[in-house]
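>>> coords please:
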Amino acid sequence: MLIVLQLSAAGQGVIIPSGIYMNLSQATMVLQGNWVNNGNYSDQNGTIIINGNTDISGSSLNSFGNITIIPGAMLSIQPQNSVTVSGALTNNADASGLVLKSDTTGTASLIHNTNNVAATDQRYISGAEEAWHFLSSPVSDQNIGGSWLPSGTYGNGTGYDLYLWNEPNSCWIYKLNTTSTINWNTVHPGSDFAIGRGYLYSVQATNPTKAFVGNLNNGSISYGLASSSGDVNLKGFNLVGNPYPSSIDWQAASGWTRSNLVGTGGGYDMWIWNPKANNYGVFNSATGIGTNSVTRYIAPMQGYFVLASSAGNLGMNNNIRVHNSAGNWFKSTGITPGLLSLVVQSETDNSFDEVSLLFGYTANQAGATKLFSRVAIAPSLFMPSGSEYCSVRYFTSTIDNTTVPVMFKPGRDGNYIFKCNFDDNEFAIVILEDRLTNYIQNMQAGNTYSFQSSTFDDVSRFVLHFGYGNEAAYNELPARIYTDGIQLIIDLTLIGKESEAFVYDATGRLLLQKTLQGLTLYKFNINAKSQILIVYLKNQQGNLYRKLFIN
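Numbers count the residues shown, from 1 in each chain. The predicted structure is shown next:
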């Protein structure tokens, strides 16, 4: 059914029932009541004038040509509702005249193209009290003060924690730290939330609704990235944020400038904190592989990590903006061809972690770097790849890779459950081996495995089998061996037992032989005449061989 309205006089509210099509073509509608759209609305260069208190709600997307809010009027976009304004968005009221609502059901989403639009954008703080959240500001001039820094009963009289991540020294910097050599003021000189920056935030109160008040960000935005940390595990990790009042798409066909990021799998990775998992999830822009419920869509006001290969900028523009159920920060995804994921969940608190293996590549390669949780009791899954630990890895085939070691740290003693997700038609054999109990679980017959774990267990406890043989692949010790350009570094922090270390140069000359205690990171000054080091580690659990090229 087609209803065409050509309106120029003032009207009341508008209700578009399900199944009804409404078209406003190059006309003006003066709205004094609410707008409820459960049908289909088309606006071809028309103008909506808000002349009262108007709530936009309903089950359908709202696409307007132009919207003008007159002085004293107010337009509220209700939670879970999405509005696109393709023409001019003019707010002649103050920031209270345009409100994007947020509550337990979701968050309003707005895509627009007009600069300096004053608005109030709400962020409902979900989850338990004092839970950590990564956030960013959708406005350019929100002061870090007022309701963002509430008082409470913490030892310093506050009821909040606010941190930023400083890549050069790989540290979280607290808002009230103003005396250390590297402090909040030295790394965050401005008094407002920075555009494009991510923040770590928690509040003592249960589920408050916070508000960013100011001019909505729009158009091209660039945020500076650093890659100078001395910590090889964290070098290049920068906490950035979605700067727009809508979701953004990590797989958008255009709109991103990411040339300074580390590339994996033909694309780029981003990491989002999932408070339910107590872990970071990662998503790749090319493969579409995500862990811990992280998808291609980054919600409004969401902070996330990227990994920079060098100092530079992360750039973005309106082409990456989308409506995607903005308030639902995490979603489940389907199974990708060639993909196998392994999820571990704690029966104590239901926190979880996930690794993914994707087959079908021309060569084996490392994927997304494992970004470890800062919650000590969180379970951790990861896979070794040379000197790296990964959450995602890319392989040629199961014929070439009959065994893949999976490292597991329980965080705390307790009961855990593995669940393996894959397409039965693509994997002939999927077997999980528990080397501690010598138990073999056919994951095709039953894709779950329950077990007990202690923090003293060997992290190399589990192996995935896609065939038979090749035991050497999973007898490798979970150590990392690398150089920082000056010293040889042998990382045994995941090995509980002592190991013998042998270091040779390319001529076979023994440079170092030493018994090393576990749970320790060692640094050695090696006087090598050649540019190649050969390092061999062994203990009763296994061995590890690495060839290093030094400058």
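
>>> What residues sit buried inside stretch 155-167?
Neighbour-count burial for stretch 155-167 flags 158-167 (criterion: 16 or more other Cβ atoms under 10 Å). Just so you know, the C-beta spots here come from the backbone N, C-alpha and C atoms, and that holds for glycine as well.

>>> Distance from that stretch to the middle of the chain?
Chain-centre distance of stretch 155-167: 21 Å, with Cα atoms, centre = their mean, to the nearest Å.

>>> any idea how this protein splits into domains?
2-93, 133-322, 339-474, 480-549 (automatic domain parsing).

>>> Which one, of those domains, ends up nearest to His112?
Nearest to His112, of all the domains of the chain, is domain 2-93, at 4.5 Å by Cβ to Cβ.

>>> Dump the domains of the chain to a markdown table, plus distance to Ile111 and mean pLDDT.
Shown next, in a markdown table, are the domains of the chain (distance: least, Cβ to Cβ, whole Å; pLDDT from 0 to 100):
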| stretch | distance to Ile111 | mean pLDDT |
| --- | --- | --- |
| domain 2-93 | 5 | 86 |
| domain 133-322 | 5 | 97 |
| domain 339-474 | 29 | 93 |
| domain 480-549 | 44 | 87 |
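
>>> Could you name the stretch from these that's closest to Asn116?
Taking Cβ to Cβ, domain 133-322 is the member of the domains of the chain nearest to Asn116, at 4.7 Å.

>>> OK, contacts around the nearest residue to Phe352 once chain neighbours are set aside?
The shortest distance from Phe352 to any non-neighbouring residue, by Cβ to Cβ, 6 or more residues apart in numbering, is to Gln345 (4.1 Å). Going by Cβ atoms under 8 Å, 6 or more residues apart in numbering, Gln345 touches 351-352, 379, 416-417, 419.

>>> And for Ser387?
480-482, 546.

>>> same thing with Gly87?
By Cβ under 8 Å, 6+ apart, Gly87 lies in contact with 45, 47, 64-66, 113.

>>> cool, Glu347 as well?
Contact analysis of Glu347 by Cβ under 8 Å, 6+ apart lists 414-417.

>>> one step back: any chance of CSV for the buried residues of stretch 155-167, columns secondary structure?
CSV is the format used below for the buried residues of stretch 155-167 (DSSP: H, G, I helix; E, B strand; the rest coil):
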residue, secondary structure
Thr158, strand
Gly159, coil
Tyr160, strand
Asp161, strand
Leu162, strand
Tyr163, strand
Leu164, strand
Trp165, strand
Asn166, strand
Glu167, helix
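
>>> among the contacts of Glu347, which two are most distant?
The span of the contacts of Glu347, defined through Cβ to Cβ, is set by Gly414 and Ile417 at 10.7 Å.

>>> hang on, isn't Leu432 packed against Tyr449?
Yes. Using Cβ atoms under 8 Å, Leu432 is in contact with Tyr449, at 5.6 Å.

>>> okay, and the common contacts of those two?
418, 420, 441, 443.

>>> For Val430, see how far away the last one is.
Distance of Met443 to Val430, computed by Cβ to Cβ, to the nearest Å: 4 Å.

>>> Now for these two: what residues contact both?
420, 422.

>>> where do the strands sit along the stretch 351-500 of the chain?
Shown for the stretch 351-500 of the chain, the strands assigned by DSSP state E, counting those that start in this stretch span residues 352-359, 365-366, 380-385, 388-390, 392-395, 403-409, 414-421, 431-434, 439-442, 448-453, 462-465, 480-483, 488-491, 499-505.

>>> who's in contact with the residue nearest the centre of the chain?
Centroid-nearest residue in the chain, with Cα atoms, centre = their mean: Ile272, separated by 1.7 Å. Applying Cβ under 8 Å, 6+ apart, we find Ile272 in contact with 134, 280-283, 294, 298, 302-305, 329.

>>> Cross those residues against strands and list the overlap.
Among the contacts of Ile272, the members found in strands (DSSP state E) are 134, 280-283, 298, 303-305.

>>> Spatially, which two of the buried residues of stretch 155-167 are the most separated?
Gly159 and Glu167 (28.6 Å).

>>> Return the subset of the contacts of Gly87 lying in strands.
Using DSSP E, these in strands are 47, 64, 66.

>>> Just list the residues touching the first one, thanks.
Contacts for Thr47 (Cβ under 8 Å, 6+ apart) come out as 27-29, 65-68, 87.

>>> Dig out what it forms beta bridges with.
Thr28, Asn66 (DSSP bridges).

>>> where's it relative to Ser246, distance?
Distance from Thr47 to Ser246, by Cβ to Cβ: 22 Å.

>>> re the thing from before, present the strands of the stretch 351-500 of the chain as CSV; the columns should include mean neighbour count and distance to Tyr199.
Formatted as CSV, the strands of the stretch 351-500 of the chain follow (neighbours: other Cβ atoms under 10 Å; distance: least, Cβ to Cβ, whole Å):
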stretch, mean neighbour count, distance to Tyr199
strand 352-359, 25, 24
strand 365-366, 16, 30
strand 380-385, 23, 24
strand 388-390, 21, 26
strand 392-395, 25, 26
strand 403-409, 21, 28
strand 414-421, 17, 32
strand 431-434, 19, 39
strand 439-442, 14, 42
strand 448-453, 16, 34
strand 462-465, 22, 36
strand 480-483, 20, 30
strand 488-491, 20, 30
strand 499-505, 19, 41
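
>>> could you dump these to JSON lines with distance to Ala93?
What follows is the strands of the stretch 351-500 of the chain, written out as JSON lines (distance: least, Cβ to Cβ, whole Å):
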{"stretch": "strand 352-359", "distance to Ala93": "45"}
{"stretch": "strand 365-366", "distance to Ala93": "53"}
{"stretch": "strand 380-385", "distance to Ala93": "50"}
{"stretch": "strand 388-390", "distance to Ala93": "51"}
{"stretch": "strand 392-395", "distance to Ala93": "47"}
{"stretch": "strand 403-409", "distance to Ala93": "54"}
{"stretch": "strand 414-421", "distance to Ala93": "50"}
{"stretch": "strand 431-434", "distance to Ala93": "60"}
{"stretch": "strand 439-442", "distance to Ala93": "62"}
{"stretch": "strand 448-453", "distance to Ala93": "56"}
{"stretch": "strand 462-465", "distance to Ala93": "59"}
{"stretch": "strand 480-483", "distance to Ala93": "57"}
{"stretch": "strand 488-491", "distance to Ala93": "58"}
{"stretch": "strand 499-505", "distance to Ala93": "69"}
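
>>> And those strands: which comes nearest Ser180?
strand 488-491 (26.7 Å).

>>> Just the CA atoms from that closest one would do, formatted as PDB, please.
The C-alpha trace of strand 488-491 is given here as PDB (Å, rounded to 0.1, in the frame of the first residue of the first chain):
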ATOM      1  CA  LEU A 488      68.900 -12.700  23.500                       C
ATOM      2  CA  ILE A 489      65.700 -13.100  25.400                       C
ATOM      3  CA  ILE A 490      64.400 -16.500  26.500                       C
ATOM      4  CA  ASP A 491      60.900 -16.400  28.000                       C
END
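
>>> ok, which stretches of the protein are helices?
For the chain, helices defined by DSSP state H occupy the ranges 184-187.

>>> State the distance from Trp271 to Phe549.
29 Å.

>>> So those two - more neighbours on which side?
Using other Cβ atoms under 10 Å, the more surrounded residue of Trp271 and Phe549 is Trp271, with 25 against 10.

>>> Can you report how many residues neighbour the closest residue in space to that one that isn't next to it in sequence?
Of all residues not flanking Trp271 in the chain, Phe305 sits nearest, at 4.0 Å (Cβ to Cβ, 6+ apart). Neighbours of Phe305 under the rule other Cβ under 10 Å: 23.

>>> Just to check, Phe305 is in contact with Leu234?
No. With contact defined as Cβ under 8 Å, Phe305 does not count as touching Leu234 (9.8 Å).

>>> circling back to that earlier point, let me know the closest of the shared contacts of Leu432 and Tyr449 to Leu261.
Nearest to Leu261 among those, counting by Cβ to Cβ, is Cys420 at 30.4 Å.
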